[in-house]
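J.: dropping the sequence and predicted coords here.
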Amino acid sequence: MKVHLNKISGIADAIVSLHMSKRSWSRTAEQDIYAICDAALDQNGKLNAACDTETAAKFQDYMNMLVKWGRKHTTLLRYVDFTCTVEGMHRGGQDDWDAHAKRFNNRILRSSTRLASFDYEMSDWYVGKIIPTDSVLADLGIELPERIEKDGVFYTKAVNGYIREDLASQNDVKRGLYMLSIPSNFIFKCDITEWSHVYKERGEAGTAHPEVKECCEGIADQLVGAHLQFDRKLFESIIN
């Protein structure tokens, strides 16, 4: 399984929103914030290594202030979105991740088992832990018939079992034989406030499947790699 933090967006908007409540906002200050963020961040919302020292320091001051108040005033951190792509998590774990679709504001799309076909595939976590029955039989030199008859109906051999002959090409039927260990790719988008809940539930301290925890912690590593303020201490302390 691989995890990719693609983009972080909305940091400048979050910093501007921070100045609204106490009436420290002005149009001039707002434009200055956007200019600083444009210089301090690259096109993917991560730190720009080429940014000058003075601008970088101003940006870090803003970020420290944002997370200081954003822990409690969670609307501030709802302005900050990030997008991740996950490659190869097992389908059962991906279903667990999908349980948080509300936290992602339904911004999650995954590999479909009805629009594509799967073979004897499994996520990295399951390799060496399980062997599909068909693979065991092949290793033992036991050949299963390509076609069988039951109660006067003919079935043809497929991945992990048999499918009625007239339905053999239909993905809606084929996916009934797929195991939860098949690899699934997905892309999702989440804001930092809602992410804190997902992290508490699916991170190392939670009770999730090991591969789900691995995914969650991998995302956390990449977030703090992008911005030091987006660390586990923040995710655990946001009131959500």
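T.: Ah, there it is.
J.: farthest residue from the center of the chain?
T.: Among residues of the chain, the one most distant from the C-alpha centroid is Gly152; the distance is 46.6 Å, by C-alpha atoms, centre = their mean.
J.: got phi/psi on it?
T.: Main-chain torsions, Gly152, degrees, to the nearest 10: phi 80, psi 10.
J.: from Arg164, how far out is it?
T.: Distance, Gly152 to Arg164, by C-beta to C-beta, to the nearest Å: 12 Å. Every C-beta, even on glycine, is put in place using the N, C-alpha and C of the backbone.
J.: likewise Ser112?
T.: Ser112 sits 22 Å away from Arg164, going by C-beta to C-beta.
J.: which of those two has more neighbours?
T.: Using other C-beta atoms under 10 Å as the criterion, Ser112 and Arg164 rank with Arg164 on top: 13 against 10.
J.: residue contacts, the residue farthest from the centre of the chain?
T.: Contact analysis of Gly152 by C-beta atoms under 8 Å, 6 or more residues apart in numbering lists nothing.
J.: the one 3 residues further on now?
T.: Tyr155 sits next to 147-149, 162-165 when contact means C-beta under 8 Å, 6+ apart.
J.: report pLDDT for it.
T.: Here, the pLDDT recorded for Tyr155 equals 98.
J.: my guess is Cys84 is in a helix, correct?
T.: No - secondary structure of Cys84 (DSSP: H, G, I helix; E, B strand; the rest coil): strand, not part of a helix.
J.: sorry, back to before: just the buried subset of the contacts of Tyr155, written out for ChimeraX, thanks.
T.: Restricted to buried positions by 16 or more other C-beta atoms under 10 Å, the ChimeraX selection for those reads:
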select :162,163
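J.: farthest-separated two in the contacts of Tyr155?
T.: Farthest pair in those (C-beta to C-beta) is Glu149 and Ile163. Separation: 13.5 Å.
J.: ok so, going back, give me the pLDDT for the residue farthest from the centre of the chain.
T.: On pLDDT, Gly152 comes in at 96.
J.: equivalent analysis for Lys22, please.
T.: At Lys22, pLDDT is 76.
J.: now do the strands in the protein.
T.: Counting by DSSP state E, the chain has strands at residues 2-9, 81-90, 108-110, 147-150, 153-158, 161-164, 183-191.
J.: and these as a markdown table, adding distance to His19?
T.: As requested, the strands of the chain are exported to a markdown table (distance: least, C-beta to C-beta, whole Å):
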| stretch | distance to His19 |
| --- | --- |
| strand 2-9 | 19 |
| strand 81-90 | 20 |
| strand 108-110 | 32 |
| strand 147-150 | 71 |
| strand 153-158 | 61 |
| strand 161-164 | 61 |
| strand 183-191 | 19 |
